[in-house]
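**Q** Sequence and predicted model, in that order:
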Amino acid sequence: MGKGDIRTKRGKIARGTYGSKRPRSKQRRKKNRSKDNADKR
C-alpha cells in the first residue's frame, strides 16, 4: 500500500481522484444535495 495503490487515500491523492476512501469536501457535498432536492420538488 502506498502511492501506487489506487484503493488507499494516499493513492487517490497521488492520482488526483476521489472515492470512498477520499471523498470530496463536505461543504461541496451539502451544496449539491440541496440543489438536487430543489429540482425534484
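**A** Noted; the coordinates are in hand.
**Q** Distance-wise, check Ser20 relative to Ile6.
**A** 12 Å (C-beta to C-beta, to the nearest Å). The C-beta positions use only the backbone N, C-alpha and C, and glycine is treated the same way.
**Q** Looking at the two, which one has more neighbours?
**A** The neighbour count for Ser20 versus Ile6, taken as other C-beta atoms under 10 Å, is higher for Ile6 (12 against 8).
**Q** Quick check: that one vs Gln27, distance?
**A** Applying C-beta to C-beta to Ile6 and Gln27 gives a distance of 25 Å.
**Q** Measure how buried Arg7 is and give me the count.
**A** 10.
**Q** Figure out the helix or strand that the residue lying closest to it once chain neighbours are set aside lives in.
**A** The shortest distance from Arg7 to any residue other than its chain neighbours is 6.7 Å, reached at Lys21 (C-beta to C-beta, 6 or more residues apart in numbering). Secondary structure assignment for Lys21, by DSSP states H and E: no helix or strand.
**Q** if I pick Lys21, what's in contact with it?
**A** Going by C-beta atoms under 8 Å, 6 or more residues apart in numbering, Lys21 touches Arg7, Thr8, Lys9, Lys12.
**Q** Identify the residues contacting Met1.
**A** So Met1 contacts Arg7, Thr8, Arg10, Gly11 (C-beta under 8 Å, 6+ apart).
**Q** And for the second one, nearest residue in space, chain neighbours not counted?
**A** So that's Thr8. Counting by C-beta to C-beta, 6+ apart, Thr8 lies nearest to Met1, which is 5.1 Å off, once chain neighbours are set aside.
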